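Peer 1: Structure of the sequence below:
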Amino acid sequence: MLTNPQKALLKRAQRQAGVADEDYRETLAHVSGFTNLTSSTDPRLTDDHFDSLLAFFEAIYWRGVDAGTLPLPRRGDVLAVRGYWAGKNKRGKTSRDRYADTALQARIRAAETALQYAGKGPAYCDAIRRKTGDGWPYLGALERTIKAMRKPGSGESGKQESRN
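Peer 2: Residues are numbered from 1 along each chain as shown. This next block holds a predicted model:
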(Lines give C-alpha, C1' and ligand atoms only; values in the text may rest on other atoms or scores of the structure.)
Protein backbone atom coordinates (compact mmCIF):
# COMPACT_ATOMS: atom_id res chain seq x y z
CA MET A 1 0.00 0.00 0.00
CA LEU A 2 1.31 3.42 -0.90
CA THR A 3 1.81 6.12 1.71
CA ASN A 4 0.07 9.49 1.43
CA PRO A 5 3.32 11.25 0.43
CA GLN A 6 3.81 8.66 -2.35
CA LYS A 7 0.26 9.23 -3.60
CA ALA A 8 0.92 12.98 -3.62
CA LEU A 9 4.11 12.49 -5.63
CA LEU A 10 2.21 10.42 -8.19
CA LYS A 11 -0.37 13.19 -8.62
CA ARG A 12 2.38 15.82 -8.91
CA ALA A 13 4.13 13.71 -11.55
CA GLN A 14 0.84 13.28 -13.40
CA ARG A 15 0.33 17.05 -13.53
CA GLN A 16 3.95 17.72 -14.51
CA ALA A 17 3.73 15.19 -17.37
CA GLY A 18 0.43 16.69 -18.52
CA VAL A 19 -1.47 13.41 -18.19
CA ALA A 20 -5.29 13.66 -18.03
CA ASP A 21 -7.17 11.93 -15.19
CA GLU A 22 -8.64 9.26 -17.47
CA ASP A 23 -5.19 8.49 -18.89
CA TYR A 24 -3.80 8.46 -15.34
CA ARG A 25 -6.25 5.73 -14.30
CA GLU A 26 -5.44 3.78 -17.46
CA THR A 27 -1.72 4.12 -16.66
CA LEU A 28 -2.24 2.83 -13.11
CA ALA A 29 -3.90 -0.31 -14.47
CA HIS A 30 -1.38 -0.80 -17.28
CA VAL A 31 1.80 -0.30 -15.27
CA SER A 32 0.60 -2.21 -12.20
CA GLY A 33 -0.79 -5.13 -14.20
CA PHE A 34 -4.12 -5.00 -12.28
CA THR A 35 -6.84 -4.49 -14.90
CA ASN A 36 -9.41 -3.11 -12.45
CA LEU A 37 -7.08 -0.71 -10.61
CA THR A 38 -8.17 2.92 -10.95
CA SER A 39 -6.79 4.68 -7.87
CA SER A 40 -3.47 5.11 -6.10
CA THR A 41 -5.30 4.29 -2.86
CA ASP A 42 -5.63 0.64 -3.91
CA PRO A 43 -3.84 -1.49 -1.27
CA ARG A 44 -2.33 -3.76 -3.93
CA LEU A 45 0.11 -1.05 -5.05
CA THR A 46 3.66 -1.53 -3.79
CA ASP A 47 6.80 0.59 -3.77
CA ASP A 48 7.89 -1.18 -6.96
CA HIS A 49 4.66 -0.08 -8.66
CA PHE A 50 5.27 3.44 -7.35
CA ASP A 51 8.76 3.56 -8.89
CA SER A 52 7.49 2.09 -12.16
CA LEU A 53 4.65 4.61 -12.37
CA LEU A 54 6.99 7.53 -11.75
CA ALA A 55 9.39 6.15 -14.38
CA PHE A 56 6.46 5.96 -16.81
CA PHE A 57 5.43 9.57 -16.12
CA GLU A 58 9.08 10.60 -16.33
CA ALA A 59 9.36 9.13 -19.83
CA ILE A 60 6.21 10.95 -20.95
CA TYR A 61 7.40 14.21 -19.42
CA TRP A 62 10.89 14.20 -20.92
CA ARG A 63 9.53 13.17 -24.31
CA GLY A 64 7.28 16.25 -24.12
CA VAL A 65 10.20 18.45 -23.08
CA ASP A 66 12.28 17.16 -26.01
CA ALA A 67 9.37 17.81 -28.39
CA GLY A 68 8.91 21.31 -26.98
CA THR A 69 5.34 20.66 -25.80
CA LEU A 70 6.15 20.70 -22.07
CA PRO A 71 8.23 23.25 -20.13
CA LEU A 72 11.64 22.50 -18.67
CA PRO A 73 11.54 21.33 -15.06
CA ARG A 74 11.71 23.80 -12.21
CA ARG A 75 13.57 23.32 -8.98
CA GLY A 76 11.67 20.87 -6.76
CA ASP A 77 9.70 19.21 -9.56
CA VAL A 78 9.15 15.47 -9.11
CA LEU A 79 10.52 14.72 -12.59
CA ALA A 80 13.34 17.30 -12.52
CA VAL A 81 16.19 14.85 -13.17
CA ARG A 82 16.05 12.87 -16.40
CA GLY A 83 16.34 9.12 -15.76
CA TYR A 84 16.13 9.33 -11.97
CA TRP A 85 12.96 7.25 -11.56
CA ALA A 86 13.79 4.95 -14.44
CA GLY A 87 17.01 3.99 -12.65
CA LYS A 88 15.34 3.13 -9.33
CA ASN A 89 14.51 -0.46 -8.44
CA LYS A 90 14.55 -1.82 -11.95
CA ARG A 91 13.83 -5.34 -10.76
CA GLY A 92 12.53 -7.03 -7.67
CA LYS A 93 11.01 -5.71 -4.55
CA THR A 94 12.25 -2.86 -2.46
CA SER A 95 13.48 -3.39 1.06
CA ARG A 96 10.20 -1.97 2.35
CA ASP A 97 8.25 -4.54 0.31
CA ARG A 98 10.42 -7.37 1.61
CA TYR A 99 9.94 -6.16 5.20
CA ALA A 100 6.17 -5.84 4.74
CA ASP A 101 5.98 -9.32 3.19
CA THR A 102 7.93 -10.83 6.09
CA ALA A 103 5.70 -9.09 8.63
CA LEU A 104 2.59 -10.18 6.72
CA GLN A 105 3.68 -13.83 6.65
CA ALA A 106 4.44 -13.76 10.38
CA ARG A 107 0.99 -12.34 11.15
CA ILE A 108 -0.66 -14.96 8.92
CA ARG A 109 1.20 -17.77 10.70
CA ALA A 110 0.18 -16.38 14.09
CA ALA A 111 -3.48 -16.14 13.04
CA GLU A 112 -3.46 -19.67 11.60
CA THR A 113 -1.91 -20.96 14.84
CA ALA A 114 -4.58 -19.18 16.89
CA LEU A 115 -7.29 -20.83 14.80
CA GLN A 116 -5.64 -24.23 15.23
CA TYR A 117 -5.66 -23.74 19.02
CA ALA A 118 -9.36 -22.89 18.73
CA GLY A 119 -9.94 -26.29 17.11
CA LYS A 120 -10.00 -25.20 13.47
CA GLY A 121 -7.72 -27.29 11.29
CA PRO A 122 -5.71 -26.49 8.16
CA ALA A 123 -8.74 -27.28 5.98
CA TYR A 124 -10.62 -24.41 7.67
CA CYS A 125 -7.81 -21.97 6.85
CA ASP A 126 -7.54 -23.34 3.31
CA ALA A 127 -11.25 -22.67 2.78
CA ILE A 128 -10.76 -19.07 3.91
CA ARG A 129 -7.74 -18.71 1.60
CA ARG A 130 -9.70 -20.03 -1.38
CA LYS A 131 -12.44 -17.46 -0.78
CA THR A 132 -10.18 -14.46 -0.18
CA GLY A 133 -6.95 -15.15 -2.03
CA ASP A 134 -3.49 -14.69 -0.55
CA GLY A 135 -1.87 -11.81 1.29
CA TRP A 136 -3.64 -9.01 3.11
CA PRO A 137 -7.20 -10.10 2.23
CA TYR A 138 -6.47 -13.55 3.68
CA LEU A 139 -4.98 -12.08 6.87
CA GLY A 140 -7.97 -9.78 7.27
CA ALA A 141 -10.38 -12.70 6.98
CA LEU A 142 -8.38 -14.73 9.51
CA GLU A 143 -8.33 -11.85 11.99
CA ARG A 144 -12.06 -11.20 11.56
CA THR A 145 -12.74 -14.89 12.18
CA ILE A 146 -10.64 -14.88 15.37
CA LYS A 147 -12.34 -11.70 16.58
CA ALA A 148 -15.80 -13.17 15.91
CA MET A 149 -14.87 -16.35 17.79
CA ARG A 150 -13.86 -14.29 20.85
CA LYS A 151 -17.19 -12.46 21.11
CA PRO A 152 -19.39 -13.55 24.00
CA GLY A 153 -22.15 -15.85 22.86
CA SER A 154 -20.31 -17.02 19.76
CA GLY A 155 -20.17 -20.52 21.14
CA GLU A 156 -16.44 -20.72 20.53
CA SER A 157 -14.83 -18.91 23.44
CA GLY A 158 -15.85 -19.79 26.92
CA LYS A 159 -18.40 -22.36 25.71
CA GLN A 160 -21.52 -20.67 27.02
CA GLU A 161 -23.22 -22.59 29.80
CA SER A 162 -26.86 -23.38 29.36
CA ARG A 163 -29.15 -21.90 32.01
CA ASN A 164 -31.87 -24.29 33.05
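Peer 1: Would you confirm that Asp51 contacts Lys88?
Peer 2: Yes. If you go by CB atoms under 8 Å, Asp51 and Lys88 touch, sitting 4.7 Å apart. (Each C-beta comes from the backbone N, C-alpha and C, glycine too.)
Peer 1: Compare neighbour counts for those two and give me the winner.
Peer 2: Taking other CB atoms under 10 Å, Asp51 and Lys88 do not tie; Asp51 has more neighbours (18 against 15).
Peer 1: Now do the buried residues in the longest helix seen in the chain.
Peer 2: Identified as the longest helix of the chain according to DSSP state H is helix 95-117. Within helix 95-117, the residues that count as buried by 16 or more other CB atoms under 10 Å are Ala100, Ile108, Ala111, Glu112, Ala114, Leu115.
Peer 1: and the third one, what is it in contact with?
Peer 2: Residues touching Ala111, when contacts are defined by CB atoms under 8 Å, 6 or more residues apart in numbering, comprise Leu139, Leu142, Glu143, Ile146.
Peer 1: List just the nearest of these to Gly68.
Peer 2: Each of the contacts of Ala111 was checked against Gly68 using CB to CB; the closest is Leu139, at 50.1 Å.
Peer 1: Select only the buried ones of the contacts of Ala111 in ChimeraX?
Peer 2: Buried residues among those (16+ other CB under 10 Å), as a ChimeraX selection:
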select :139,142,146
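Peer 1: Adding distance to Arg63 and secondary structure, write the contacts of Ala111 out as a markdown table.
Peer 2: Shown next, in a markdown table, are the contacts of Ala111 (distance: CB to CB, whole Å; DSSP: H, G, I helix; E, B strand; the rest coil):
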| residue | distance to Arg63 | secondary structure |
| --- | --- | --- |
| Leu139 | 41 | helix |
| Leu142 | 46 | helix |
| Glu143 | 46 | helix |
| Ile146 | 51 | helix |
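Peer 1: Helix or strand: which one has Ala127?
Peer 2: helix 122-132 (DSSP states H and E).
Peer 1: er, Met149 I mean
Peer 2: Counting by DSSP H and E, the element that carries Met149 is helix 136-150.
Peer 1: That helix - what's its average pLDDT?
Peer 2: For helix 136-150, mean pLDDT rounds to 89.
Peer 1: in this structure, which helix or strand is least confident?
Peer 2: One helix or strand of the chain scores below all others by mean pLDDT, DSSP states H and E: helix 95-117, with a mean of 84.
Peer 1: and it, how far from the chain's centre?
Peer 2: 16 Å (CA atoms, centre = their mean, to the nearest Å).
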